[in-house]
Every structure is written in C-alpha cells, then in structure tokens.
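J.: coords below, sequence missing:
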C-alpha cells in the first residue's frame, strides 16, 4: 500500500451512529460469547491446541519495536499479519519501521499492511518527543527491502478475521484507528474476533494529559468504537506498564547475546535510554507495548479486574480518558456476600443533563456488564525475564 493512502474519515454523525450501534450489542455480545477472560486463561485462547492466531496492529515506536520482536520470537503465536497505523510517529515512519522489524526477525513471511495515516476525526498528535524523530529513539537501520501488501490495514483485518472466524485475536499496540475502521466497514466483524488485547488506557491518570493515555488520546473516537463493539477486551494500560522501566542492566543482557534480534533490540533500547536521559528523566523508558504482548503469552504475569470501560470523547481537557466502572471501586468496601448484589444494582452514570439538552437522566446504562479485563498489577521482574530471554534466544 502507498503510505499516503488515506481512509475517508468518519463524520461526527457517522461516529455517533457507530457508537450507538456498538452500545446496543456490547452487553449481549460480551455475555453470549467468550466473556471476560479469567486471570488464569490466556487472552484470546480457549481449548484449541497449537499456536494462537493473532494480528498485531502497531505504530513503531521504541516499545512497539521490541514488542514486535518479542511476538515474532514466541512460538505460541501464529502471526497472520501485522498492520501499521500513525501514532508515535507518522505512517510514513511506522510502516517502514514495522518492515524493518520483520526483516530483523527473519519473518518476512508475515504480511505487513499500511493503515490509517490520521485518526478518524482528529488531527494526528505524535510522540516524537518520546520516540525520536525516526520512531526508534534515533537508532538507525537500513531501508527495508520488503514491501507491504497492497491491501489497506482495515481491509486486511477484515479478510483475515473472516477467513478464521472465532480464531483470531487482535493485539493492538497503537491508536485504534485501523481496528475501528475495520469494524465500521463490516458490522458483523466484531462477532468473529476472538478477543482483543490492547496496550492502551489507564484508570490511574494519563501520560500525555493528566487524564489520557497516549494511544487512546490520539483517537478517542476509534477507541470508543472498539470498547463498545462487544469484542472481549483485555486492557493493559498505564496502571501496570508504568512499572516496566527499561534499565541499563536489561540492555547489557541483550548486548551479551550475538544474534540479529538481540543486537537490534539492544541498539534500540540503548538509544531510547539515552534519548530519555537527554530529556532530563532519571528513569525510563517503560516497555508499555512489550507488556501487552507478554500479557497474551502469559497472563499470570499480571493481576486482573473486570470493569465496564468507556472513553471520553467530548471533554476539552479529558478527551481520551478511559473511565472504568466497577462495583468494587471507591473507598468503601462491602461485605463479600454483598458484592454480587452491588454489581447487579450499579448504574453506568455520565454527566448530569444540561438544561437546554434533550437528555433527562444521567444514567447511560441501567446495568453493570463488564466489557474489559483490566490489568491492575504486574510482576515486573518476571515480565523482564520473559522479554529478555525471548529477545536473546537463538533461532
């Protein structure tokens, strides 16, 4: 695909209609299908034997690059395709960066597609301040010889999911524009997706604004479509990824192994640490996206809690905030026997109706039905054991 190819952006009316349709089916679809994945079950997996079919949507990005290398060095995964989206840097950088990682990993058998070069409704906000002008912290690699497939990302997502209905899990590492575009183009598609594991969101404050995590902030309308789609969602957000700080010791461990993957990962990691220090930070960067991939591989690395999660799209100061509803939230604790009763009684409440508006109640939904399994704690040491061992493994 030509990186300059554009998706027709959604109008505000189309976005509202899509969100409303998703809201109507979300509770039913989530309950009837796989439901929230328990902490002891691998996201996107069931009893089916063999590697899990996945598609990875990404915007490399320092941590995306290491996450891609981790995924491609994990035999548990059957990667059907990788799609790129504008996010950390523009699409004309995320797409070749994805192709570079595929070549470094020796996995040019995996189709790579270019996707959306801007959010559904908004101008692109990138994060070159964190990832460097080239997206890889300034680490330089040759131009990729591999070419992307001609299909746009949203089309390829639809094709692969329909080819393997109920088998493909989506692992999303960037803004959710490509996923929302695929779901909006095919209203039956959400029911065919096995599950979605995302790096995105936060229930404890943001990193680009006090309210919003970057991936959701860049395209909150797309994120809302995804959260309201009925797809079982596993959310790996800042609540846990903030605890995965890359250190010099990690880089030295990668440098000690002489393989193309470990050396590339070490080069990117070393440059990322240097870039972070030059910006005045004492620690960092964090391995946000690699943790999302690791969560798919081994959910026991994290602790989980069920929430109903929605996305703020209209706030001037809070757009992109992920708001989590749970009967167990708040300072007051109930007796265990009262938790179920509380869950049955909780309402999903939004802002108070305005005097001039047509809405008469702040209640958006009268029942609590969780739509996301949210990571709330992580064993960072075990996560890095997995990450470094996989990136250092010899093929």
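T.: Sure, I can see it. Small disclaimer: the values here were computed from a predicted structure and weren't measured. Residues are numbered from 1 along each chain as shown.
J.: when you work out contacts or count neighbours from here on, use the C-alpha atoms and nothing else.
T.: Will do.
J.: helices of this structure, start to end?
T.: Ranges of helices in the chain, per DSSP state H, are 12-32, 62-72, 91-104, 128-131, 153-163, 177-185, 214-218, 220-227, 238-241, 248-255, 260-278, 288-297, 336-345, 380-392.
J.: how about these in CSV, adding mean neighbour count and distance to residue 85?
T.: Putting the helices of the chain into CSV (neighbours: other Cα atoms under 10 Å; distance: least, Cα to Cα, whole Å) gives the following:
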stretch, mean neighbour count, distance to residue 85
helix 12-32, 16, 19
helix 62-72, 26, 12
helix 91-104, 23, 6
helix 128-131, 18, 15
helix 153-163, 21, 8
helix 177-185, 25, 7
helix 214-218, 28, 11
helix 220-227, 27, 12
helix 238-241, 23, 20
helix 248-255, 16, 27
helix 260-278, 22, 20
helix 288-297, 26, 14
helix 336-345, 12, 37
helix 380-392, 18, 24
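J.: now tabulate those in JSON lines and tack on distance to residue 363 and mean pLDDT.
T.: Below are those laid out as JSON lines (distance: least, Cα to Cα, whole Å; pLDDT from 0 to 100):
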{"stretch": "helix 12-32", "distance to residue 363": "14", "mean pLDDT": "43"}
{"stretch": "helix 62-72", "distance to residue 363": "38", "mean pLDDT": "97"}
{"stretch": "helix 91-104", "distance to residue 363": "39", "mean pLDDT": "97"}
{"stretch": "helix 128-131", "distance to residue 363": "39", "mean pLDDT": "84"}
{"stretch": "helix 153-163", "distance to residue 363": "34", "mean pLDDT": "98"}
{"stretch": "helix 177-185", "distance to residue 363": "26", "mean pLDDT": "98"}
{"stretch": "helix 214-218", "distance to residue 363": "24", "mean pLDDT": "97"}
{"stretch": "helix 220-227", "distance to residue 363": "18", "mean pLDDT": "98"}
{"stretch": "helix 238-241", "distance to residue 363": "27", "mean pLDDT": "98"}
{"stretch": "helix 248-255", "distance to residue 363": "48", "mean pLDDT": "96"}
{"stretch": "helix 260-278", "distance to residue 363": "43", "mean pLDDT": "93"}
{"stretch": "helix 288-297", "distance to residue 363": "32", "mean pLDDT": "98"}
{"stretch": "helix 336-345", "distance to residue 363": "12", "mean pLDDT": "70"}
{"stretch": "helix 380-392", "distance to residue 363": "38", "mean pLDDT": "97"}
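J.: CSV please, covering the ones you listed and showing distance to residue 196.
T.: Formatted as CSV, the helices of the chain follow (distance: least, Cα to Cα, whole Å):
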stretch, distance to residue 196
helix 12-32, 12
helix 62-72, 15
helix 91-104, 20
helix 128-131, 25
helix 153-163, 12
helix 177-185, 10
helix 214-218, 15
helix 220-227, 9
helix 238-241, 17
helix 248-255, 29
helix 260-278, 26
helix 288-297, 10
helix 336-345, 24
helix 380-392, 20
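J.: quick one: closest of those helices to residue 360.
T.: Among the helices of the chain, helix 12-32 comes nearest to residue 360, with 17.5 Å by Cα to Cα.
J.: do you know which of the helices of the chain lies nearest residue 374?
T.: Nearest to residue 374, of all the helices of the chain, is helix 238-241, at 9.0 Å by Cα to Cα.
J.: now the longest strand along the chain: average pLDDT?
T.: Identified as the longest strand of the chain according to DSSP state E is strand 302-311. The average pLDDT for strand 302-311 rounds to 96.
J.: how about the helices of the chain, which one is nearest residue 305?
T.: Nearest to residue 305 among the helices of the chain is helix 238-241 (11.8 Å), distances taken as Cα to Cα.
J.: okay, now residue 245: neighbour count?
T.: Burial measure for residue 245: 16 neighbouring residues, criterion other Cα atoms under 10 Å.
J.: measure it to residue 57 for me?
T.: Residue 245 sits 23 Å away from residue 57, going by Cα to Cα, to the nearest Å.
J.: run a quick neighbour tally on residue 143.
T.: By other Cα under 10 Å, the residues close to residue 143 number 10.
J.: surely it touches residue 103?
T.: No - taking Cα atoms under 8 Å as the definition, residue 143 is not a contact partner of residue 103, at 10.3 Å.
J.: residues touching residue 270, list them.
T.: By Cα atoms under 8 Å, 6 or more residues apart in numbering, residue 270 lies in contact with 248, 251.
J.: sorry, that was for residue 366
T.: 346-348.
J.: what's the ChimeraX syntax to select whichever of those are buried?
T.: Listed next is the ChimeraX selection for buried residues among these, using 16 or more other Cα atoms under 10 Å:
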select :346,347,348
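J.: mind giving me TSV with the contacts of residue 366 and columns for pLDDT and distance to residue 64?
T.: Rendered in TSV, the data for these read as follows (pLDDT from 0 to 100; distance: Cα to Cα, whole Å):
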residue	pLDDT	distance to residue 64
346	78	37
347	79	37
348	83	34
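J.: and which of the contacts of residue 366 is nearest to residue 263?
T.: residue 348 (48.7 Å).
J.: neighbouring strands for the longest strand of the chain, and are they parallel or not?
T.: Paired neighbours of strand 302-311 in the sheet (DSSP bridges): strand 322-325 (antiparallel), strand 372-378 (antiparallel).
J.: can you mark which positions in that strand are buried?
T.: 302-311.
J.: first-to-last residue distance for stretch 288-305?
T.: End-to-end distance (Cα to Cα), stretch 288-305: 19 Å.
J.: how about residues contacting that stretch?
T.: Residues outside stretch 288-305 that contact it (Cα under 8 Å, 6+ apart): 38-44, 63-64, 66-68, 70-71, 76, 171, 173, 197-199, 236-238, 241-242, 244, 373-380, 382-383, 386-387.
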